[in-house]
Every structure is written in structure tokens, then in C-alpha cells.
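Participant: Return a 3D structure for these sequence lines:
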Amino acid sequence: MTDFNQLDPFRKQADPLQLDLVESFAKGKINRRHFIQRGTVLGLSLASISAIVAACGGSSSDGGGASVETAEGAISEATTAAAVAGGKMIWGMSKLGSEGINPVTMIDLVTYNVTAQVFEYLVRSASDLSVQPQLASEWTANPDGTEWTFKLREGVMWADGTPLTSADVVATFDRLIEAGNSALSGTLEKGGTTAPDDTTVVFTLASPNGNFPYLVSSDNTQSQIVQAAWTVEKNLEAGMGGTGPWIVDTLDPATGVTYKRNEAWWGGTTPLDEIEFKFIEDPQAQISAMAAGEVDGLPAFSYDIGEVLFQDSNINIVEMKSATHRQISMRTDKGALADKRLRQAIALTLDREKMVKNLLGGRGAVANDNVIFGLYPYSDTSVPQRARDPEKAKALLVEAGAEGLEIECQYIKGLEMPGLAQIMQEGAKEAGINIKIVGVDYSVYYSKYWCPAEPADPPCSGATDFNICDYGHRGTPDVYLNAALKSGGVWNSAQYQNAEFDGLFKEFQGAIDVDAKMGVCKKIQENLIEETPYGIAYTISALACYGTKFQGVANTAMGFTFLEATSQA
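Facilitator: Purely as a prediction, here's the structure:
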């Protein structure tokens, strides 16, 4: 039972957005887990969140939600023993996939991890979808979500001995806007980031956005704060440090990176003396190295090849709910699937439960052909799940005059995607749809089938009619909606140009209060299921692992590994 007298102090000091959230939680409109997530986004401190939950009787829990004690989030394994000072930890991961190790232009998980040991974000998006302070200590929004003010942590120094100032942050975001950062497109324009003083940064947005802290977090991987003098031509090199806990000691793009402790780090002395990232190109070889004890951890691996690790008592397996998914892209503007009835027919043949069971070992969740996934606070569970129905698919083919449809689908020969393509192919046959599946490597897929560089306007207009793309986790669906679905989006391989959706996305961005957010999300879900620009069969639980002789490892569903608190157990 809610004690409203205990809530009065928070009501008096809360800004309008925070007040709406507290009232919605007190009235049972959102559960405890979602209140914690949203509270951190709006800048409520963990102490305030804990007190508000207590005042509300700890009620409205969904039974599986994060507790306040774990709301900071990224620590995936509780630290139960006293830290042992010193030592080294080695992580195995794929080779670099970006041209140059540059925070502004990087595009792959390995490079994200390499740079994130040196440079830091304003805030960190945790595995429970909460937002944690990093270089920013606090943040607030104006009532309509068009202006967000971040206060920088005091006493932060660059490794060269100069202080971090708001000028570094302004330069970082101006640089990202100029580079066409996909997460910020349409939300923040050049000149929209200003610095009223050395420790304050104000973001004035082109349109309201209630989720903006995610867009300056580790979810927007390129938003690591670098010095004002940094350029897009500059790459990370041996000897370089940022504001983070580690300094690059040695760097070989072919074999790996070693780091030593940054003695000037604002967070204090790291328990470990050094860390190493060893590049191992073959995913199966990564699993073998982990099983043999040649590396101490893997920041990400897939269940289909890593099942053996679950049987090893010397390995901690970290499993995190995630929005990682595969988009079965179907062009909506022209070609074989321009008629939405054919896209619906293909979606109706997907055996989602079989995919989750056989491809993911049950470590995932069935999805519903839209990106407002169930782990997000505002997903509407009343929207019916699309069920497998080959007979209905056949009827749609007849209605569209497309019996015996034959089409080619390209996919990436990586992770579980070959299995996804095969199960899709088999299921479609039952409805009389003949799919020729063609597997290619990552570079060929991205450059030839998904979003070829030419023609450049609109982006991805050279995409094929039918292909399967991999998408990583985000703590909010903004990036998926903006980049893959909005008209002219930089990742819009389906060439989805739907006026109703564009209006709903704009409404979503501007929806600040809880009721408005929930209402528009339901409409978005219904729009995407009806039009089916993408078939989305499942989301994938993120998996990481590390040896039991270490503790305090921080993993996120995005695939980041943070090691500032890691020690030998």
C-alpha cells in the first residue's frame, strides 16, 4: 500500500517529468522494474528511487524485475569476496571490423570494447535498461523534453593531465552530428549542444525526446567523449589514454591490445594491474580458447557453438535479456514483396517457437514483427501475437495472385542466421512459397545486399527485395525506429515510407508522460504488424562468460565488457 505522505518530499522537489513518473508508479500504471528503468533515465538518484519504492510498499513488481540494489546494472556477477589487488585478465574476441580504431567512425563490437576501456560516455546504459552516471553526475529535462541539462563529474582529468570540460563534450557531439550519427539524426542538430560553463552541457533538441539520455549513452556507441582537438582521421594508438580507467600499452590490429592502469583515473585505483584483449577471428576458436583456459573471458558468444561452456564449473555464464534480433527485410516500395499481403504471408509461416528452441536453446523470446519488444517499459501486451498459420498465408497468396511465389533471400553466414534462413525456408514451403537462400559473409552482405553505398539517396535504396540483417541490443527502440523504419532512415533496407508510421514516431519521440508513451507504442506495434516491412521472429538473450577466479566483471546486453571494478576472487 502506498504511503502518500512519504511521497510528498519527492513531489515537492521533482520536475514535471519525474512527478508524472512517480504518480504513475504509485497508481500502479507501471511496475517496479519499469519505474526503476525510467527513473534513472529522468535523472532520479538511486537513493530517491529506493525511497519511492519503499513508500509504495515495494508493490507493482512483475516478479522478475530488477531490485533497487541491482539497478546500477552492469555488474553481472555479485562481488562476494574481498578484492585481491594486482593481476591480469585476458579476454578473447573477434578481430577489429572497423577501418581504424576511431571512436567517431567505429562500427563493430570489438572496436567499441577496445575504445571503451580508454574513453567514457556521459552515461552508461546497463543490462537492466537503467542509465548510470559516468562522466555526467546528474541530468534533468525541461517539461516538454526539448532541453536536457547534464552536469559533468568534478575532478575528471584526461590522461595527459588536462581537465575534462564541457567544451570537450560540445566538440564530441558536433563532430558526431557532422559525421551523420544514426542515433542522433533528426533529434540533435549541430549547434544544439552548448556549454554555459565548464561543467554544464545543455542539449537543445530539434524535437522533443523523452529517451534522450540513451542517445548519449553507451547505447549510442560512437558517443564516447574525446578531447576537443580529436579528429575523425585520428586513431587510437599505443600510449594513448582518455578519461577512462585504462591506458593503451601495446596495440596490434592483427593480434590484440594490452592496457595498463590509468593512475589518474577519477574512479580511483583499479584492482587489476593490466588487461588484454586477444583477437581470435574464428568464433569456434574463441570457445575452444575459453574452454582450455587460454583466455579468461568472452564478451559475447552464441549458444549454438558455445553450449559446451555451460558444463564447465570453472566458468561463470552471464545471460541477459536483450533486444538483439534479426530483421527479415522485405522491400515495401517495389519488387516481389511490394504487396503487403505477401509480406504478411511470409511472416505467417515463421515458426518462431522452433527458432527460439532450436537456434537459441531457449535463450531468447518470441517476437511479434515489431521493435517495441516486451522488455521495453511501454510495450503493449494486449496487441495479439502473430501466430503461425500456413493456411492463412496460402489464402493471402491467392488473394494477391501470387500462388507459387519464388524469391531469393540473402543472409549472413554468421551466428545462428544460417539456421534462421533454413527454418524460414522450410516453413514457407508449407504455404507454397519457394525461397532460395543465399549465405554470404558480413562485408558482402552489408555492401551488396543490405545497404549498398549507391544509390545514396534515399539510403539503402539499392537493397535487395528480401534479406536478413542482424541488429544489436539497444536500451530503447529509438534507434531501430529512427534508422530502420522512418522514411529516409539510414538503415531502412525495407524502404518503408509510411506517413502514419512517421507521424507515430514523431509522437513517440515527443511523448514524455507515461500515458502518452504507452498509447503511441501500441499504435506503432499495430502499424508494423499490419504493414510488415520486417519479419522479426525472436529476440536473443545476450551471453557472456568469464572464469570463476575473477569477480566484479561488468557485462552489458550490448556486448560491452567494463573491467574497472574487476579483481581476482
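
Participant: Going by secondary structure, residue 409 is in what exactly?
Facilitator: Using DSSP states H and E, residue 409 maps to strand 406-412.

Participant: Buried residues, that strand. List them.
Facilitator: Using 16 or more other Cβ atoms under 10 Å as the test for burial, strand 406-412 gives 407, 409, 410, 411, 412. Where C-beta positions appear, they are placed from N, C-alpha and C, glycine not excepted.

Participant: Look up the residues forming beta bridges with the fourth one.
Facilitator: Beta-bridge partners of residue 411, counted by DSSP bridges, are residue 439.

Participant: what's the burial count for residue 248?
Facilitator: The tally of other residues near residue 248 (other Cβ atoms under 10 Å) stands at 22.

Participant: Can you check what pLDDT the model gives the most centrally placed residue in the chain?
Facilitator: Of all residues in the chain, the one closest to the mean position by Cα atoms, centre = their mean is residue 474, 2.0 Å from it. pLDDT, residue 474: 91.

Participant: is it true that it touches residue 214?
Facilitator: Yes: shown here, residue 474 and residue 214 form a contact pair, counting by Cβ atoms under 8 Å, at 7.3 Å.

Participant: So for the two, which residues contact both of them?
Facilitator: With contacts taken as Cβ atoms under 8 Å, 6 or more residues apart in numbering, the residues that reach both residue 474 and residue 214 are residue 125.

Participant: Name the residues of whichever strand or helix holds residue 89 that come out as buried.
Facilitator: Secondary structure assignment for residue 89, by DSSP H and E: strand 88-93. Using 16+ other Cβ under 10 Å as the burial criterion, the residues of strand 88-93 that qualify are 89, 90, 91, 92, 93.

Participant: how close does the residue nearest to the centre of the chain sit to residue 366?
Facilitator: Distance of residue 474 to residue 366, computed by Cβ to Cβ, to the nearest Å: 19 Å.

Participant: Return the distance of the lengthiest helix in the chain from the chain's centre.
Facilitator: Across the chain, the helix with the greatest residue count (assigned by DSSP state H) is helix 514-531. Relative to its chain's centre, helix 514-531 lies at 20 Å (Cα atoms, centre = their mean, to the nearest Å).

Participant: for stretch 367-382, same thing?
Facilitator: Relative to where its chain is centred, stretch 367-382 has its mean C-alpha point 15 Å off (Cα atoms, centre = their mean).

Participant: tell me which element residue 287 falls in.
Facilitator: Short version, using DSSP H and E: residue 287 is in helix 283-291.

Participant: could you give the angle of that helix to strand 88-93?
Facilitator: 160 degrees (axes from the mean of the first three to the mean of the last three Cα atoms, to 10 degrees).

Participant: List the buried residues in helix 283-291.
Facilitator: Of all the residues in helix 283-291, those buried under the rule 16+ other Cβ under 10 Å are 283, 286, 287, 288, 289, 290, 291.

Participant: For whichever helix or strand comes after the strand holding residue 89, give me every contacting residue.
Facilitator: On the C-terminal side of strand 88-93, the closest following helix or strand by DSSP H and E is helix 109-116. Residues external to helix 109-116 that are found in contact with it (Cβ under 8 Å, 6+ apart): 91, 93-98, 101, 103, 106, 218, 221, 224, 236, 244, 257, 277, 279, 299-300, 472, 558-562.

Participant: Name the residues that touch stretch 391-403?
Facilitator: Where contact means Cβ under 8 Å, 6+ apart, the residues beyond stretch 391-403 that reach it are 339, 341, 342, 344, 345, 346, 348, 349, 405, 431, 432, 433.

Participant: can you give me the mean pLDDT across that stretch?
Facilitator: Averaging pLDDT along stretch 391-403 gives 98.

Participant: Tell me the buried residues in that stretch?
Facilitator: Buried-residue list, stretch 391-403, by 16+ other Cβ under 10 Å: 393, 394, 396, 397, 402.

Participant: Distance check, the fourth one against residue 339.
Facilitator: Separation of residue 397 from residue 339 (Cβ to Cβ) stands at 10 Å.

Participant: Same question for the third one.
Facilitator: Here residue 396 is placed at a distance of 9 Å from residue 339 (Cβ to Cβ).

Participant: Tell me the bridge partners for residue 200.
Facilitator: Per DSSP bridges, residues listed as beta-bridge partners of residue 200: residue 151, residue 197.

Participant: so who does it touch?
Facilitator: With contacts defined as Cβ under 8 Å, 6+ apart, the neighbours of residue 200 are 149, 150, 151, 152, 166.

Participant: how near is it to residue 175?
Facilitator: Counting by Cβ to Cβ, the gap from residue 200 to residue 175 is 20 Å.

Participant: picking up where we left off before, let's see which of the contacts of stretch 391-403 end up in helices.
Facilitator: Using DSSP H, the members of the contacts of stretch 391-403 that fall within helices are 341, 342, 344, 345, 346, 348.

Participant: is it true that the last one touches residue 431?
Facilitator: Yes: with contact defined as Cβ under 8 Å, residue 348 and residue 431 form a contacting pair (7.3 Å).

Participant: Quick check: neighbours shared by these two?
Facilitator: 390, 393.
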